[in-house]
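> sequence and predicted structure, then a few things I'm wondering about:
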Amino acid sequence: MAVRWADYVDMDARTDDGSGRPARRWWLLYLVIGLTVTAVYTFALPSGSVATSAVYMLVPGLLVVASVAGILIHRPKAAAVWWLNAAAWSLNFLASAWWAFAPQAVSGEMPFPSPADGLFIATYVTLLAVLVGFARQRGGARDRGGLIDALIVTLAVATISWAFLIQPILTADGADLGGRIVPLGYAIVDLLMLGGLMRLWFVPGVRRPAYLLLTAGILLQLVADEGYTASVLAQTFAFGEWYDPVYLLAWTLIGAAPLHPSMRVLGAPEAAGEPVLTRGRLGFLATAALLPPTVIIAEINFVGSLGPDSRIGLTCVSGVMSLLVLLRMRGLLLDMSQHREMQRLKNEFTSVVSHELRTPLTSIRGSLGLMAGGALGAMPPQAQRMLDIAVNNTDRLIRLINDILDLERIESGEVPMQIQTCAAADVVRQAVREMEGMAQEAGVRLEADGAPVVVSADRDRLIQTLCNLVGNAIKFSPAGTVVRVSVAPDGDDAVFRVADAGRGIPPEKLEAIFEAFEQVDASDSREKSGTGLGLAISRMIVGRHGGRIWAESTVGKGSTFAFTIPALAQTPPSPAGTGPTVLLCDDDDSVREVLGAMLVRRGYHVIAACSGEEALRLAIRERPAAVLLDLRMPGFNGGETLAALRSRLETRAIPVVIVSVTPPESGYAVDGWLQKPVEEDALGAALDSVLALRT
Ligand code: ADP
């Protein structure tokens, strides 16, 4: 069985309809078409021709098609805002069509305001709703800091816009009301849009390719608008100015956004976390502090178009702006250090208390256990009953303390995640194996189903999370039902799911249960021996991996808990493989999966064999550049396979690298030896050196 490993790692290119067919990269195609059209428009078409008008209809038209097609292809969970986005671009299309073909526009006598201007401004107002909608979906309502920062940056730009656009528009000589209202409308709506963009930008977790493309495109469009408004103001407006191709470029980026698979990834809002001063945030704030003074200095020295009053006004306002930004930064830094200190004190407290409790509890549990087990002689029945209750509750207390300690350790980052490349399906199988005993006791059947996805994660922590979810599913399911555990690729992520047919969770509790000590029913901790911390720990672990966790449920029918873990980077070569061919022989599915993914990432074409016999057959047929060989395999083992390869003329010269759990041993005529678990770099180095010898 020769396996195309590229298919396994190229999650981005896979559909999630279960068919495994690769999805087309529509977004890339759209980018290429858009860039080509922009280049043709800029360099090849005579400005003001019918062809340029056609382009001005074609690109906005394609943008509408892309906005709708993206929703239909990817079916995002939060589709309403994407539909609003499509509506905004439909308005934009109508406006562009008017620009391109209305008789006044063609004759060059553009009335201000024209219907197109009204439509453009309506586009922007709708877009503002789109930006706010996305920010809200991502939990922006709880992120006050982001709102303040967005306001600061917008105010900084507004001061400049006031001095160079709004004030000149208001005081322009000779312009009629229409001539003023349109540029003014653009200037104000642009500022509002900038505010919306910044608002979205500062919401944590929004930096997915789709959202980056959208925000970058809108930002470009704002830049083009400034050029357009300034030209209307200076009465130098003409077709074919620099801002025309910038509009086309902006629409190219914006249209690619809904076609990118990452547009699906919105949904559960992120919790407002600790205050952070990321590089992006710092950059924007610094720009807000420096932009107004820089512009005023440049104006005074090089342009000199502002009157003395305006200069004084602008200097004062920019000084106040800079002060505001500095105060905000100081506040942010202070918040951060206070937050850290509070966190440290809390962690220290829980850690000390928990450790102090654990020591006496261990001896109490030991003594009670001895007594209950009859080591001190038989007890009267009533005393025995009391002892059993005491043992049970001591166990519960110990579990609780262990969970608190675990939560605190993960939260404080005291135990770093041991990130390694692992096959998700293998993690699912392992978790199911571990929970099999508990399931049998409860009369619940476990089913595992894993698609070949590779993730970069702390394997033990993933298993812990799955075990916790499966444990809950078993606890809250009646005997005779099935709990399904699965993993499947979804866009850039691997999605793990644990589905039960148990009692279900009421909708108002679906979010709350992820908080520490939250339970659906107060009796759950007693009757189901839970601590109420399992889901909080799971959320912390998933969050550490950059994923998210959520629950879906119908009361009385069952619940599904799901979490995402980013899948391994998806930049494989073409499935046919562009690099040298490597034959990978191992009887373990997960080893083949993980090593295969590593090799594909390094550009090799991989063929896989699950037995020595198959490896020999494939080596003769495919003549690989190198063979990676496991030693311990049922049937034809590694040593025998090696001997067979060496004895045949066709395969004698192929370098062989052993990949085994055992350290290197003498007696094998091989070209390299890797001990499992194999690091990606070591694998690359070993292959590089054997292939270099060959050439
Ligand atoms: P516990 O240790 O109590 O299970 P968790 O944080 O794991 O703590 O779960 C919190 C609560 O969420 C549970 O007490 C239960 O009320 C609810 N819950 C979790 N999983 C399920 C499920 N599969 N079905 C129904 N309720 C669940």
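Ah, there it is.
> and Val483, helix, strand or coil?
Assigned by DSSP: H, G, I helix; E, B strand; the rest coil, the conformation of Val483 is strand.
> please name the nearest non-neighbouring residue to Gly546.
Nearest non-adjacent residue to Gly546, counting by CB to CB, 6 or more residues apart in numbering: Pro566, 5.4 Å away. Every residue, glycine included, has its C-beta placed from N, CA and C.
> ok now the strand or helix carrying that neighbour, how far from the chain's centre?
Taking DSSP states H and E as the definition, one finds Pro566 inside strand 558-566. Centroid displacement of strand 558-566 relative to its chain, using CA atoms, centre = their mean, to the nearest Å, is 15 Å.
> buried ones in the helix or strand just after it, by neighbour count?
Downstream of strand 558-566, the next assigned helix or strand under DSSP H and E is strand 581-585. Across strand 581-585, burial judged by 16 or more other CB atoms under 10 Å covers Val582, Leu583, Leu584, Cys585.
> surely the third one meets His605?
No - using CB atoms under 8 Å, Leu584 is not in contact with His605, being 10.9 Å away.
> tell me how many other residues crowd the one residue in the stretch 551-695 of the chain that gets nearest to the ligand.
Nearest to the ligand in the stretch 551-695 of the chain, going by CB to the nearest ligand atom, is Ser559, at a distance of 4.4 Å. Applying other CB atoms under 10 Å, we find 24 residues neighbouring Ser559.
> now it: how far from Val320?
With distances taken as CB to CB, to the nearest Å, Ser559 is found 54 Å from Val320.
> excluding residues flanking it in the chain, which one is nearest the spatially most central residue of the chain?
Residue closest to the average C-alpha location in the chain (CA atoms, centre = their mean): Arg208, at 5.8 Å. Leaving out its chain neighbours, the residue that sits closest to Arg208 by CB to CB, 6+ apart is Ser262, at 4.0 Å.
> contacts only, for that neighbour.
Arg208, Pro209, Ala210, Tyr211, Gly491, Asp492 (CB atoms under 8 Å, 6 or more residues apart in numbering).
> and the residue of the chain found nearest the ligand, helix, strand or coil?
Across the chain, the shortest distance to the ligand (CB to the nearest ligand atom) belongs to Gly530, at 2.3 Å. Look at Gly530: counting by three-state DSSP, its state is coil.
> next, Glu665: secondary structure please.
Of the three states, Glu665 takes coil under three-state DSSP.
> what number of residues lie near it?
Applying other CB under 10 Å, we find 12 residues neighbouring Glu665.
> return the backbone torsion pair for it.
phi -120, psi 150 (degrees, to the nearest 10).
> start the count at 31 instead of 1 going forward.
Happy to do that; since the first residue is 31 now, the last one works out to Glu695.
> check it and give its pLDDT.
Glu695 carries a pLDDT score of 82 in this model.
> got it, and Pro602?
Per-residue confidence (pLDDT) for Pro602: 41.
> do the same with the one 3 residues further on
According to the per-residue confidence, Pro605 scores 42 in pLDDT.
> now do the one 3 residues further on
At Thr608, the pLDDT value in this model is 69.
> quick one: the strands in the stretch 131-280 of the chain, in order.
In the stretch 131-280 of the chain, no strands are found when defined by DSSP state E, counting those that start in this stretch.
> measure Thr584 to Ala531 for me?
Remark: distance between Thr584 and Ala531 (CB to CB) = 10 Å.
> tell me which of the two has more neighbours.
Counted by other CB under 10 Å, Thr584 and Ala531 do not tie: Ala531 has more neighbours, with 18 against 12.
> quick check: that one touching Thr590?
No - under the criterion of CB under 8 Å, Ala531 is not in contact with Thr590, lying 10.2 Å apart.
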